[in-house]
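S.K.: Give me a 3D structure for the following:
(one chain, ligands or ions: 1)
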Amino acid sequence: MNEALNSIEWKNDALVLLDQTTLPNEIRYEENHTIEDVWDSIVVMKVRGAPAIGVAAAYGLYLGVRCHEGDYESFMSLLKAKRDYLAGSRPTAVNLFWAIDRLVQKAVDADTKDIEMLKALLLEEAQLIHKEDEEINRMIGENLLTLLEDGQGFLTHCNAGALATAKYGTATAPFYLAKERGWNFKVYADETRPRLQGSTLTALELQRAGIDVTLITDNMAAMVMSQGKVQAAIVGCDRVAANGDTANKIGTMGVAILAKHFGIPFYVAAPTPTIDLATPTGAEIPIEERDTEEVTNRFGQWSAPKDVQVYNPAFDVTPADLITAIVTEKGIVYAPFEENLKKLFAEDAQHVVGK
Ligand SMILES: CSC[C@H]1O[C@H](OP(=O)(O)O)[C@H](O)[C@@H]1O
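M.R.: Model (predicted):
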């Protein structure tokens, strides 16, 4: 087994990011010293994955204000301007907004107007978000394991793995825990066109962990399911709406439809910061559209006419009625999601909500 790749690290007063655009061919870490560096890393997907984007954005916001000199009012005005700048990087993963708004609120609620103390508080909050993410993912893994069995096969889409988070991943968290406990299981990883997070990232991280992973193209998922090789489909998420509709990497809805057809449970691994009760349904989730050359010219090789029309939504929305359960660090949520997701956030949240 190889040592785990570390997607994000705060080191020597800089944000060190694993450049995920060069994997699996090159393992390259880059220091991000400014908010502009972080904004660019998020936009070009050197750092990607909803939780990882949130952690990176939190550090980025700190980097955006740490050199400011001036009074409290100018500091707070700069902080809010830098928050809006980062908010313009990628629109779908709600974790980005959740993280930067958490830092702004920390400063607003602080009982000091000393800007050096406020800067220290912001860095502390970013480090807390980073640390919390690890524990959230481990708990998601524990909760998902209660739904899985030794000896089974699992399918996942895109990369909701350790590389998309601070550690463990969300959808992949149970795979790491199951491996630690000696389970015998297989993972089928969709390559996930057009950005290929499944082949470049999921296959890499699971193989390095010694997990039995088989790479398939997205259009092989139906065949694999029809052959009885998959007993559960587990995916990540970028935003869960209040009714349970879930935005995730493009192609996820197709996996959910296939799972329904073959009678296979479809689980969404969802850290609670990815659940957005302020967004009523999937129809209101902003879906990022990305550069057309991601589809026609991956890795510098044209695979289509250069001027062909291209539609490249980076996410789709899986309707709640295709989701068996939304598995969070606080517990497992079943339908009716509108009602049960709210309970998750109640003071006396139950571990299993709904079934
Ligand atoms: C736990 S990662 C969540 C989510 O983020 C990925 O999108 P991207 O690679 O574009 O940042 C993918 O949708 C994962 O499932």
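S.K.: Can you name the residues that contact residue 50?
M.R.: 93-96, 164, 236-239, 271, 274 (Cβ atoms under 8 Å, 6 or more residues apart in numbering). From N, CA and C alone the C-beta is placed, and that goes for glycine too.
S.K.: if we go to 7 Å?
M.R.: By Cβ atoms under 7 Å, 6 or more residues apart in numbering, residue 50 lies in contact with 93, 95, 237-238, 274.
S.K.: Find the residue closest to it in space, skipping its chain neighbours.
M.R.: Nearest residue to residue 50 in three dimensions, chain neighbours excluded: residue 93, at 3.8 Å (Cβ to Cβ, 6 or more residues apart in numbering).
S.K.: In contact with the one you found, which residues?
M.R.: For residue 93, the residues meeting the contact criterion (Cβ under 7 Å, 6+ apart) are 50, 53, 238-239.
S.K.: Centre of the chain to stretch 75-92, how far?
M.R.: Centroid separation for stretch 75-92 versus its chain: 20 Å, with Cα atoms, centre = their mean, to the nearest Å.
S.K.: Ok, stretch 302-313 next?
M.R.: 27 Å.
S.K.: what comes up buried for that stretch?
M.R.: For stretch 302-313, a neighbour-count test (16 or more other Cβ atoms under 10 Å) marks residue 312 as buried.
S.K.: what pLDDT does residue 299 get?
M.R.: Residue 299 is assigned a pLDDT of 79 by the prediction.
S.K.: for it, phi and psi?
M.R.: Phi and psi for residue 299, reported as degrees, to the nearest 10, are phi 60, psi 30.
S.K.: counting contacts, what elements does the worst-scoring helix or strand of the chain on mean pLDDT pack onto?
M.R.: Of all helical and strand segments in the chain, the minimum by mean pLDDT, DSSP states H and E falls on strand 352-353, at a mean of 70. When contacts are defined as 3 or more Cβ pairs under 7 Å, 6 or more residues apart in numbering; DSSP states H and E, strand 352-353 packs onto helix 337-344.
S.K.: So which bits of the helix it packs on are buried?
M.R.: By neighbour count on 16+ other Cβ under 10 Å, the buried set for helix 337-344 is 337, 340-341, 344.
S.K.: Helices of the protein, residue ranges please.
M.R.: Applying DSSP state H to the chain gives helices spanning 35-43, 50-65, 72-87, 94-109, 115-145, 173-180, 197, 203-208, 221-226, 252-262, 293-296, 337-344.
S.K.: quick one: is the second one near the ligand?
M.R.: What it means is helix 50-65. Yes: legend: contact between helix 50-65 and the ligand by Cβ under 6 Å from any ligand atom is shown at 50-51.
S.K.: What mean pLDDT does that helix get?
M.R.: pLDDT averaged over helix 50-65 gives 98.
S.K.: now that helix and helix 72-87, what's the angle there?
M.R.: If you take axes from the mean of the first three to the mean of the last three Cα atoms, to 10 degrees, helix 50-65 sits at 140 degrees to helix 72-87.
S.K.: Let me know the angle separating helix 50-65 from helix 35-43.
M.R.: With the same axes, to 10 degrees as the basis, helix 50-65 and helix 35-43 are set at 160 degrees to each other.
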